[in-house]
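Colleague: Next comes the sequence, and after it the predicted model I'd like to discuss.
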Amino acid sequence: MTMPNPPALAGHYRVRVTKDHLVFAAGHFITYNGDHCERIHGHNYRVAVEVEGPLDDNHYVFDFIALLELSRSIVAEWDHRMLLPDGSGLIAVHDDPGEGPAHVRVCYKERRWVFPKEECVILPIPNTTTELLARLFGQRLWERMGQQGLKPPSVLRVEVEENFGQMAAAEWRNPSE
């Protein structure tokens, strides 16, 4: 018995990239429960990016190489850095030019840290949680797509895994579709 032909596809496709070079090692700490602050620690974060939409004239949802390069550019900015929140009401981050190389001074209640500025990335988020890192990564990726003149996908999803089995995701839907 022969199988009938499958129904026509609706024209919606998905592309996903996650590779060994979409990994960044970074230090951070978060606040939680209003009055607690973790110790400084780090993760080998892994990023996965997924886009959805119809095929373009080249029969792509999105060019894999372009998606990887844009994603790697963000990973490179965060790799081997201390990730610090600039929008926290609990953690204060200050430039401390002082003598010699510039530093960043960070305060949480009575706790104080000083880091070389060139080794920090100050992020416009209230806390360096994996959820907010995924959201910021996606926002920056969306902006870079536009700067490169690339057609935005119907859906952009970014996953950031901080440890094996622990990940957060953020998703955007193109408002023009």
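Modeller: Right, received. Where do you want to start?

Colleague: So which elements touch the lengthiest helix in the chain?
Modeller: Across the chain, the helix with the greatest residue count (assigned by DSSP state H) is helix 130-147. Counting contacts by 3 or more C-beta pairs under 8 Å, 6 or more residues apart in numbering; DSSP states H and E, the secondary-structure elements packed against helix 130-147 are strand 41-53, helix 64-78, strand 120-123, strand 155-163, strand 166-173. Using the backbone N, CA and C atoms, a C-beta is placed for each residue, glycine as well.

Colleague: If we use 10 Å, what do you get?
Modeller: Identification of packing neighbours for helix 130-147 by 3 or more C-beta pairs under 10 Å, 6 or more residues apart in numbering; DSSP states H and E yields strand 23-28, strand 41-53, helix 64-78, strand 81-85, strand 120-123, strand 155-163, strand 166-173.

Colleague: how far does the third one sit from the chain's center?
Modeller: Here helix 64-78 is found 10 Å from its chain centre; the criterion is C-alpha atoms, centre = their mean, to the nearest Å.

Colleague: cool, and the fourth one?
Modeller: Mean-position distance between strand 81-85 and its chain equals 13 Å (C-alpha atoms, centre = their mean).

Colleague: re the thing from before, so for Val15, which of the helices and strands packed on helix 130-147 sits nearest?
Modeller: Each of the helices and strands packed on helix 130-147 has some distance to Val15 by C-beta to C-beta; the shortest is strand 41-53, at 5.3 Å.

Colleague: so what's the most centrally placed residue in the chain closest to, chain neighbours aside?
Modeller: Centre of the chain computed as the mean C-alpha position; nearest residue by C-alpha atoms, centre = their mean is Phe137, 2.5 Å away. Of all residues not flanking Phe137 in the chain, Val158 sits nearest, at 5.0 Å (C-beta to C-beta, 6 or more residues apart in numbering).
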